[in-house]
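Enquirer: okay, predicted coordinates and the sequence, questions at the end:
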Amino acid sequence: MKPLLLATAIALSPVPLAAQEGEIGDGIDLMEQGARMLMRGLLSELEPQLDEFEALAGDMGPMLQSMTEEIGPGLLDLLRQVDSFRHYEAPEILPNGDIILRRRPDAPVWVAPDNGEVDL
């Protein structure tokens with residue numbers, strides 16, 4: 001009688017592990033598929049804007065090159081005169097349009113580089 005009960009219990013015992021693993025695998029596949037669909041949708045929405053941005057960048061390239069050539073020497077001169085921007089307060093625009101950079105009171109004393117030139 002005991003072997004019969006044991007055989008019946010084993011035969012009737014559920015085997016949920018295989019079914020659960022299949023369901024989890026299907027769920028992951030569905031999530032992956034959903035993520036891919038979402039990314040495709042986002043890319044299709046952004047593609048026209050990216051094309052416009054590329055065209056704008058192509059138009060602005062020569063202007064940026066020209067601006068770099070015009071502003072570059074003055075910016076390099078400013079960087080040579082300023083030892084570190086952390087030693088200065090935020091720029092202040094005066095009513096006449098001048099922009100001044102005040103040195104912070106706690107900044108170390110600035111020593112001008114001796115390059116043999118005299119500023120007038």
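Expert: In hand now; what should we look at? All values derive from a computational prediction rather than experimental measurement. Residues are numbered from 1 along each chain as shown.

Enquirer: going forward, measure contacts and count neighbours with C-alpha atoms only.
Expert: Noted.

Enquirer: and the helices in the chain?
Expert: 2-12, 16-81 (DSSP state H).

Enquirer: quick one, which of these is packed in tightest?
Expert: Counting by mean count of other Cα atoms under 10 Å, helix 16-81 has the highest mean neighbour count of the helices of the chain, with a mean of 11.

Enquirer: OK, contacts around the closest residue to L101 other than its chain neighbours?
Expert: Counting by Cα to Cα, 6 or more residues apart in numbering, L101 lies nearest to P91, which is 4.9 Å off, once chain neighbours are set aside. Counting by Cα atoms under 8 Å, 6 or more residues apart in numbering, P91 makes contact with 99-102.

Enquirer: could you measure P91 against L75, distance?
Expert: 15 Å (Cα to Cα, to the nearest Å).

Enquirer: show me what contacts R104?
Expert: Residues in contact with R104 (Cα under 8 Å, 6+ apart) are 87-89.

Enquirer: bridging residues for the closest residue to it other than its chain neighbours?
Expert: Nearest non-adjacent residue to R104, counting by Cα to Cα, 6+ apart: Y88, 5.0 Å away. In this entry, Y88 is beta-bridged to R103, by DSSP bridges.

Enquirer: can you get me a residue count around Y88?
Expert: A count of neighbours around Y88, defined by other Cα atoms under 10 Å, yields 16.

Enquirer: which one of the contacts of R104 is nearest Q65?
Expert: Of all the contacts of R104, Q65 sits closest to Y88, with 29.3 Å by Cα to Cα.

Enquirer: contacting residues for that closest one?
Expert: 101-104, 107.

Enquirer: hey, least reliable of the helices of the chain by pLDDT?
Expert: Mean pLDDT per stretch puts helix 2-12 lowest among these, at a mean of 59.

Enquirer: coming back round to it: need the contacts of Y88 in CSV with pLDDT and distance to D59, can you?
Expert: CSV is the format used below for the contacts of Y88 (pLDDT from 0 to 100; distance: Cα to Cα, whole Å):
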residue, pLDDT, distance to D59
L101, 84, 34
R102, 89, 38
R103, 86, 39
R104, 89, 41
A107, 84, 43
